[in-house]
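**Q** Whatever this is, show me its structure:
(2 chains)
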Amino acid sequence: MKAYCKLFACSVLYFVFNGTNSYAQQSSKLSDPEIASVAVTANQIDIDAAKLAKEKSKDQDIIKFAETMMNDHQAVINQAVALVKKLNVTPKDNATSQKMSADAANTKKILQSKSGKDFNKAYIDNEVAYHKAVIDAVQNVLIPQAQNAELKQLLQDIMPALKTHLEHAEMIQKIFNK
Amino acid sequence: MIKLNRDLKNYVILLSLLFFNNCNFDVQKDHPKLYVVEIKQMQFQPALLKVHAGDTIEWVNHDFVTHDVTEETNKDWSSSPLAAGTSWRMVINKNTDYYCSIHQVMKGKLVIDR
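**A** Have a look, this model is predicted:
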């Protein structure tokens, strides 16, 4: 069982890291419309995972955390949509956002196959790994590559929320690991 | 006689000044103050605030996400959710640890300065 859990955690990390940072670093430089698409996709992925957690979990810590993820990431999407409208830019689907969506679908399948405590642990482990990967990608790929000053500022503004989410997820993870 | 009156007048003025000065000082000391704690970049700023009993604290949410302000130890009180750009006030009478129950790692402390 432990070996299976480790395998699951590794597969989540593989999907997450390949879906964001390492993939983005390997690919050619992203344009601002592509960065906007990656940002919206990354937030939507976490909203979808949170919706699944609300459906499947009965744990109050997990449910409350999932609600926070849904609300906060939707607020980020709203900010991004407002900015691209203001800048008259259309988010452009690209290899990075496509890969992120495909990997998220795989992660969702794994999460859907679990229930009870196994689901809770798998969900919060994924949240820790996902937020680490997204923080890394935003900090080291998206912010440096963004050309428009307002887009760059928006990406910088969401960093404190992402770091707080990670800390919060790690706090819950510790409870499940006791 | 004229000099005596002038001295007496000066003395009265001096006493009045001292009296009113002390009155003003006492009023300033006892008058409850308003302090502002800004919620920005997912932090309460300042996170530690020294106040006097009876002072009012106003929390202003500058973030783009919703927060709240909740007494941490016994959950004695809580603001309603504070949407972006909104604020909430409360009079504080004792030392208080508080946090955001939505983002539970965000914490603040109010210390009554005696």
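**Q** Residue 111 sits in which helix or strand?
**A** All of this is about chain A. Here A:Leu111 is covered by helix A:95-112, with elements defined by DSSP states H and E.
**Q** that answer is for a different chain, and I need it for chain B
**A** Per DSSP H and E: B:Val111 is located in strand B:107-112.
**Q** Identify each buried residue in that strand, please.
**A** Residues of strand B:107-112 classed as buried by neighbour count (16 or more other C-beta atoms under 10 Å in any protein chain shown): B:Gly108, B:Lys109, B:Leu110. For the C-beta atoms, the positions are set from N, CA and C on the backbone; glycine is no exception.
**Q** Looks to me like B:Met89 is in a strand.
**A** Rather than Met, residue B:89 is Arg. Yes: B:Arg89: assigned to a strand according to DSSP: H, G, I helix; E, B strand; the rest coil.
**Q** Would you mind listing what in chain B touches chain A?
**A** B:41-43, B:63-66, B:84, B:102-106 (C-beta under 8 Å from any C-beta of the partner chain).
**Q** ok, back up a step: can you add pLDDT and distance to A:Leu111 and give the buried residues of strand B:107-112 back as CSV?
**A** Putting the buried residues of strand B:107-112 into CSV (pLDDT from 0 to 100; distance: C-beta to C-beta, whole Å) gives the following:
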residue, pLDDT, distance to A:Leu111
B:Gly108, 98, 35
B:Lys109, 98, 38
B:Leu110, 98, 41
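**Q** from those, which single one is nearest chain A?
**A** Using C-beta to the nearest C-beta, B:Gly108 comes nearest to chain A of the buried residues of strand B:107-112, at 14.0 Å.
**Q** Could you report the separation of the closest residue in space to that closest one that isn't next to it in sequence from chain A?
**A** Nearest residue to B:Gly108, sequence neighbours excluded (C-beta to C-beta, 6 or more residues apart in numbering or on different chains): B:Phe44, at 3.7 Å. Applying C-beta to the nearest C-beta, to the nearest Å, the value for B:Phe44 to chain A is 12 Å.
**Q** got a list of what B:Phe44 touches?
**A** B:Val37, B:Glu38, B:Trp59, B:Tyr98, B:Cys100, B:Met106, B:Lys107, B:Gly108 (C-beta atoms under 8 Å, 6 or more residues apart in numbering or on different chains).
**Q** One more pass at 10 Å, please.
**A** Counting by C-beta atoms under 10 Å, 6 or more residues apart in numbering or on different chains, B:Phe44 touches B:Val37, B:Glu38, B:Trp59, B:His67, B:Val69, B:Tyr98, B:Tyr99, B:Cys100, B:Met106, B:Lys107, B:Gly108, B:Lys109.
**Q** State the helix or strand in which A:Asn78 lies.
**A** With DSSP H and E as the test, A:Asn78 turns up in helix A:60-87.
**Q** quick one: buried residues of that helix?
**A** If you call a residue buried by 16+ other C-beta under 10 Å, then helix A:60-87 has these buried ones: A:61-66, A:68-70, A:72-77, A:79-80, A:83-84.
**Q** quick one: is that helix near chain B?
**A** Yes: judged by C-beta under 10 Å from any C-beta of the partner chain, helix A:60-87 and chain B are in contact via A:61, A:64-65, A:67-68, A:71-76, A:78-79.
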